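Chemist: Give me a model of this one.
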Amino acid sequence: MKIKKIIFSILTALVLIISIFLYMNRDNFVYVGSVDIIEVDCSKKRQILSEVLESDQRIRKSNEFIKYAKEDHRNQELVISIIEKCGMPTLKEVDQRQMDAIWLGLQHSTKEIRKKYFPQIEKAVKNGDLSKQQYALMKDRMLMDEGKPQIYGSQIKNGKLYKLENPKTVNERRKEMGLEPIEDYLKNFNIQFKPNYDIHITYC
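Modeler: You can find the predicted model right below:
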């Protein structure tokens, strides 16, 4: 009887540990295989992007990334396929929400894809098709991909602010990009901003 209780306790602890691990590393389990170029009908890109946006936001609100991994993967393939086969959309061709779907598809894809298509994001921001805020978030995500300090303080890793370049002047950079003060931003994550922390610390 005691042995059964011990085994049950061990199994319960293992399930808890695995659950915590999956939650803390959920971004690593969002994607299913490689993100490839697929066939898309360019005449229907507005409809496709609207569906991508709705799907992407539903997945994030549900917080069940593993459950919706295939759907998320499909969204990313649709976005890169539209860019490759139809060209990068502009606000002359689609509306703002549909442009946002392009950004979300790339932001939530792999680091290789973000890096590949970032020049098109930069151009879209310069042309006014995407916002400076979206530029800042993707730039920070790319720097985090490379293990470098972020610039605008938008990225959180394992419940902590990911390492930041020149913390004391971050709000100046954030203001230039139309972002709220970092103190207010971090309140959403119950994180207190400490501008004097060592930027060389790596969170694991």
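
Chemist: Strands along this structure, start to end?
Modeler: Using DSSP state E, the strands of the chain run over residues 156-157, 160-161.

Chemist: I'd like these as TSV, with distance to Pro119 appended.
Modeler: All C-beta spots, glycine's among them, are computed from the backbone N, C-alpha and C. Shown next, in TSV, are the strands of the chain (distance: least, Cβ to Cβ, whole Å):
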stretch	distance to Pro119
strand 156-157	25
strand 160-161	27
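
Chemist: And these: which comes nearest Ile82?
Modeler: Comparison of the strands of the chain against Ile82 by Cβ to Cβ identifies strand 156-157 as nearest, at 29.3 Å.

Chemist: Give the full set of residues in contact with the closest residue to Glu176 other than its chain neighbours.
Modeler: Spatial nearest neighbour of Glu176, chain neighbours left out: Lys132 (7.6 Å); criterion: Cβ to Cβ, 6 or more residues apart in numbering. When contacts are counted by Cβ atoms under 8 Å, 6 or more residues apart in numbering, Lys132 touches 125, 176-178.

Chemist: Out of these, which is nearest to Ala136?
Modeler: Distances from Ala136 to the contacts of Lys132, taken by Cβ to Cβ, are shortest for Met177, at 4.3 Å.

Chemist: residues touching Ile83, list them.
Modeler: If you count contacts by Cβ under 8 Å, 6+ apart, Ile83 has them with 89, 102, 117, 120.

Chemist: ok, the residue nearest to the last one when sequence neighbours are not counted - how many residues close by?
Modeler: Spelled out, that is Gln120. Nearest non-adjacent residue to Gln120, counting by Cβ to Cβ, 6+ apart: Met88, 4.8 Å away. Neighbourhood size, Met88 [other Cβ atoms under 10 Å]: 18.

Chemist: just checking, Met88 touches Pro119?
Modeler: No - contact criterion Cβ atoms under 8 Å: Met88 and Pro119 do not qualify, at 9.8 Å.

Chemist: Common neighbours of these two, please.
Modeler: Listed contacts common to Met88 and Pro119 are nil; contacts here mean Cβ under 8 Å, 6+ apart.

Chemist: returning to what we had before: make JSON lines from the contacts of Lys132 and add neighbour count to it.
Modeler: Output for these, formatted as JSON lines (neighbours: other Cβ atoms under 10 Å):
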{"residue": "Val125", "neighbour count": "19"}
{"residue": "Glu176", "neighbour count": "11"}
{"residue": "Met177", "neighbour count": "18"}
{"residue": "Gly178", "neighbour count": "12"}
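
Chemist: can you name the two of those residues that are farthest apart?
Modeler: Val125 and Glu176 (12.6 Å).

Chemist: Output stretch 88-107 in CSV with nothing but the alpha carbons.
Modeler: Taking Å, rounded to 0.1, in the frame of the first residue of the first chain, the C-alpha atoms of stretch 88-107 are listed here in CSV:
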residue,chain,number,x,y,z
MET,A,88,4.1,42.0,-49.9
PRO,A,89,0.6,43.5,-49.4
THR,A,90,0.1,47.2,-48.8
LEU,A,91,-2.8,49.3,-47.5
LYS,A,92,-3.8,50.0,-51.0
GLU,A,93,-4.6,46.4,-51.5
VAL,A,94,-5.8,45.2,-48.0
ASP,A,95,-7.0,46.8,-44.8
GLN,A,96,-5.1,47.4,-41.6
ARG,A,97,-6.3,44.3,-39.9
GLN,A,98,-5.2,42.2,-42.8
MET,A,99,-1.8,43.9,-42.8
ASP,A,100,-1.6,43.1,-39.1
ALA,A,101,-2.2,39.4,-40.0
ILE,A,102,1.0,39.5,-42.1
TRP,A,103,2.9,40.9,-39.1
LEU,A,104,1.4,38.3,-36.7
GLY,A,105,2.2,35.4,-39.0
LEU,A,106,5.8,36.4,-39.2
GLN,A,107,6.2,37.4,-35.5
